[in-house]
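Enquirer: need a structure here:
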Amino acid sequence: MVNGLVMIREISLEKLAELFAYQPKAPLLFSSGLFLFLFIGFLMMYLSLRKHTLARLVYVTAFSLYFYYKSSGIWFVLLLFTATTDFLIGKRLSYTASVVVRKWLVIASLCVNLGMLCYFKYANFLLNLFAQLGHEIGHLTGNAALQGLTYTPVDIFLPVGISFFTFQSLSYVIDIYRRQIEPVNRWTDYLFYVSFFPQLVAGPIVRARDFLPQIHREPVVSREQFGEGFYLILCGLFKKAVISDYISLNFVDRVFDAPLLYTGVENLLGVYGYALQIYCDFSGYSDMAIGIALLLGFRFTVNFDSPYQSATITEFWRRWHISLSSWLRDYLYISLGGNRKGKGRTYVNLFITMLLGGLWHGASLRFMFWGAWHGVALGVHKFVVGRFGSFKRQGGEMTPFRRGLGMFVTFHAVCFGWIFFRADTLQSAGEIIRQIVTDFHPEIFLPFVVGYKGVFFLMVLGYVFHLMPKRSERYMQRIVTRSPLFVQAILLVIVIFIVIQIKSAGVQPFIYFQF
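Expert: As a prediction, this is how the structure comes out:
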């Protein structure tokens, strides 16, 4: 009996230790059972602190740092470092009148934030690029020392979500510099803003001007707000853990890993599958982040607005990853001059913005190609609309036929870019395109449907839901929002049951964790 109690105690202590230990292969995900368990406990304490502002902020910040620690280990100190430096820079900006000093303070923030990004994300890529460039110059000049120049990549850990919280912190400093907001008075308030766990590791990129006014309000969650948050969490969980993970593991990954083993029609369906996978994965995370924030009394702006319903590439970027596209517009495109310096400069600014947007996603030539492709596409659309007025009717309305044709062309232009975004190498991307063009074999389609019933069903379901009119989506949300609590609980149990039935053995992190 005593031995049994000792064993139970040892097992309990071991499980407790695992709860507080960083496990690289098991990050804390919104879609995991562990997060559900922790969040319920967190929420109970949070509600008891809703009238105690400082205690509530400290409590949420501590949980947020724990959440980030479970994703990136000791590197949570980077988050503290970023929050501290930009808080101090923001305070100094608020009482500095000198234009020169103010500019140097912004440059200091840029050096801190972009310096961290360059080291953790781009150091190996840039050094390898310089080595290859030196090697080529050596061949052209006959310099033996340069010809033998090589670079061996160093194992550099990439902290999860570093691209998101650095951009978020940068926007705070730039907005103070532009005198659009006032800095916060307390470091705890700023750390709360930067580390708020729902959006910490994969966005959306929340602006200080939208978020900071909410932190000192008493969090009151109405019946409507609770229902909306619950609906978004259900949708996000279903998108990520059911549609995205299933079609990825059972079809999409196989095609992109070995495109030459599949016919052109299977490669094309693999591209369509990835377009749906990345949308469901990332918008699913955003839905859950926005839903969790709503349950805590905070409202984020929409991050995805049915992007594959877009009839132009410009419209697509108004609907896809809205927090990033608007960030690039406000802090990069406009800073470069926007459309204020002539048509030629406008096209150049668009291209540079999208090229750097591609590089933001990853240190690879294929991401740069993806960004350049969208930069060219945006420039072409801007030129066509400006040159041929018939492409845009008065009021911006399109005829149903033209809108349908525009959606078809835009979707396939986006899918072409996704090939380079997902493929491991440019060579692999070329193989996929070559298979589609030269080895299509449409007769394989029916055998594919028979052999991949589950994948095909979820792809059709995903696109049908995505292409639904807004009024249908709002109707579904109202039904869930107004349902009794026990009905909502049943819906949650059903979704969790479906997730458990089709989940894989391994953890499937969100795609944007790598960015």
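Enquirer: immediately after whatever helix or strand residue 237 lives in, which helix or strand?
Expert: Secondary structure assigned from DSSP states H and E places residue 237 in helix 223-237. Counting by DSSP H and E, the next helix or strand C-terminal to helix 223-237 is helix 245-247.
Enquirer: Now do that following helix: which elements does it pack against?
Expert: Secondary-structure packing of helix 245-247 (3 or more Cβ pairs under 8 Å, 6 or more residues apart in numbering; DSSP states H and E): helix 264-295, helix 453-466. For the C-beta atoms, the positions are set from N, CA and C on the backbone; glycine is no exception.
Enquirer: Which residues does it contact?
Expert: 273, 276-277, 454-455, 458-459, 462, 502-504, 508 (Cβ atoms under 8 Å, 6 or more residues apart in numbering).
Enquirer: Buried members of those residues into PyMOL, please.
Expert: Of the contacts of helix 245-247, the buried ones can be selected in PyMOL as follows, counting by 16 or more other Cβ atoms under 10 Å:
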select buried, resi 273+276+277+455+458+459+462+503+508
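Enquirer: so what's the backbone phi/psi at residue 304?
Expert: Main-chain torsions, residue 304, degrees, to the nearest 10: phi -140, psi 140.
Enquirer: Distance of the residue nearest to it when sequence neighbours are not counted relative to residue 277?
Expert: Spatial nearest neighbour of residue 304, chain neighbours left out: residue 283 (4.0 Å); criterion: Cβ to Cβ, 6 or more residues apart in numbering. Separation of residue 283 from residue 277 (Cβ to Cβ, to the nearest Å) stands at 11 Å.
Enquirer: Residue 374 now?
Expert: Taking Cβ to Cβ, one finds residue 374 at 19 Å from residue 277.
Enquirer: and if you look at residue 239?
Expert: 10 Å.
Enquirer: and if you look at residue 424?
Expert: 16 Å.
Enquirer: Next: residue 412.
Expert: 17 Å.
Enquirer: any low-confidence regions in the stretch 51-200 of the chain?
Expert: 135, 138, 142-148 (pLDDT under 70).
Enquirer: Mind doing that once more with 90?
Expert: 51-55, 65-79, 93-102, 106, 114-167, 178-182, 184-185, 196-200 (pLDDT under 90).
Enquirer: Helices of that one, residue ranges please.
Expert: 53-72, 76-94, 99-117, 123-141, 144-147, 162-177, 187-195 (DSSP state H, counting those that start in this stretch).
Enquirer: which one of these lies closest to residue 250?
Expert: Nearest to residue 250 among the helices of the stretch 51-200 of the chain is helix 53-72 (26.2 Å), distances taken as Cβ to Cβ.
Enquirer: relative to helix 76-94, how tilted is the closest one?
Expert: The directions of helix 53-72 and helix 76-94 differ by 130 degrees, with axes from the mean of the first three to the mean of the last three Cα atoms, to 10 degrees as the criterion.
Enquirer: between helix 53-72 and helix 162-177, how big is the angle?
Expert: 140 degrees.
Enquirer: contact partners of helix 53-72?
Expert: 22-23, 27-28, 42, 45-46, 49-50, 76, 79-80, 157, 159-161, 188-189, 191-192, 195-197, 200-201, 215-216, 218-219, 296, 513.
Enquirer: again, 6 Å this time
Expert: By Cβ atoms under 6 Å, 6 or more residues apart in numbering, the list of residues contacting helix 53-72 from outside reads 27-28, 42, 49, 76, 79, 159-160, 188, 191-192, 195-197, 200-201, 216.
Enquirer: again with stretch 439-446
Expert: 263-265.
Enquirer: average pLDDT for stretch 502-515?
Expert: Averaging pLDDT along stretch 502-515 gives 64.
Enquirer: try stretch 374-389
Expert: 84.
Enquirer: which parts of that stretch are buried?
Expert: For stretch 374-389, by 16+ other Cβ under 10 Å, it's 374-379, 381-382.
Enquirer: So the protein: which segments form each domain?
Expert: 52-129+153-217, 223-514 (automatic domain parsing).
Enquirer: now those in a markdown table, with distance to residue 136?
Expert: Formatted as a markdown table, those follow (distance: least, Cβ to Cβ, whole Å):
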| stretch | distance to residue 136 |
| --- | --- |
| domain 52-129+153-217 | 11 |
| domain 223-514 | 15 |
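Enquirer: Residue 35 is nearest to which of those?
Expert: Judging the domains of the chain by Cβ to Cβ, what sits closest to residue 35 is domain 52-129+153-217, at 8.5 Å.
Enquirer: what separates the closest one from the chain centre, distance-wise?
Expert: 17 Å (Cα atoms, centre = their mean, to the nearest Å).
Enquirer: re earlier: include distance to residue 97 when you put the helices and strands packed on helix 245-247 into a markdown table, please.
Expert: What follows is the helices and strands packed on helix 245-247, written out as a markdown table (distance: least, Cβ to Cβ, whole Å):
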| stretch | distance to residue 97 |
| --- | --- |
| helix 264-295 | 37 |
| helix 453-466 | 51 |
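Enquirer: hang on, the earlier thing: winner for burial among the helices of the stretch 51-200 of the chain?
Expert: Comparing those by mean neighbour count (mean count of other Cβ atoms under 10 Å), helix 162-177 ranks first with a mean of 23.
Enquirer: ok, residues contacting that helix?
Expert: 82, 86, 89-90, 93, 102, 106, 109, 113, 117, 120, 181, 183, 194, 203, 205, 207-208, 327, 331, 360, 515.
Enquirer: And for stretch 74-94?
Expert: Residues contacting stretch 74-94 (Cβ under 6 Å, 6+ apart): 65, 68-69, 102, 105, 109, 112, 159, 169, 173, 176-177, 183, 187, 190-191, 194-195.
Enquirer: try 8 Å this time
Expert: 22, 65, 68-69, 102, 105-106, 108-109, 112-113, 116, 157, 159, 162, 165-166, 169-170, 172-173, 176-177, 182-184, 187, 190-191, 194-195.
Enquirer: try stretch 289-304
Expert: For stretch 289-304, contacts defined as Cβ under 8 Å, 6+ apart pick out 30, 39, 43, 46, 50, 60, 196, 198-199, 202-204, 206, 210-211, 214, 217-221, 225-226, 228-233, 236, 279, 282-283, 286-287, 319-323.
Enquirer: Stretch 344-357 now?
Expert: With Cβ under 8 Å, 6+ apart, stretch 344-357 has contacts from 324-325, 328-329, 332-333, 336-339, 341, 368, 371-372, 374-376, 378-379, 382-383.
Enquirer: buried residues in it?
Expert: 346-357.
Enquirer: Kindly report the same for stretch 406-420.
Expert: 406-407, 410-411, 413-414, 416-420.
Enquirer: Leaving out the residues flanking it, which one is nearest to residue 410?
Expert: Sequence neighbours aside, residue 310 is the residue nearest to residue 410 in space, at 5.2 Å (criterion: Cβ to Cβ, 6+ apart).
Enquirer: again with residue 377
Expert: Nearest one to residue 377, counting by Cβ to Cβ, 6+ apart, is residue 313 at 4.4 Å.
Enquirer: how close does that neighbour get to residue 336?
Expert: 19 Å.
Enquirer: of the two, who's got more company?
Expert: residue 313 (22 against 16; other Cβ atoms under 10 Å).
Enquirer: Pull the contacting residues for that one.
Expert: 374, 377-378, 381, 410, 413-414.
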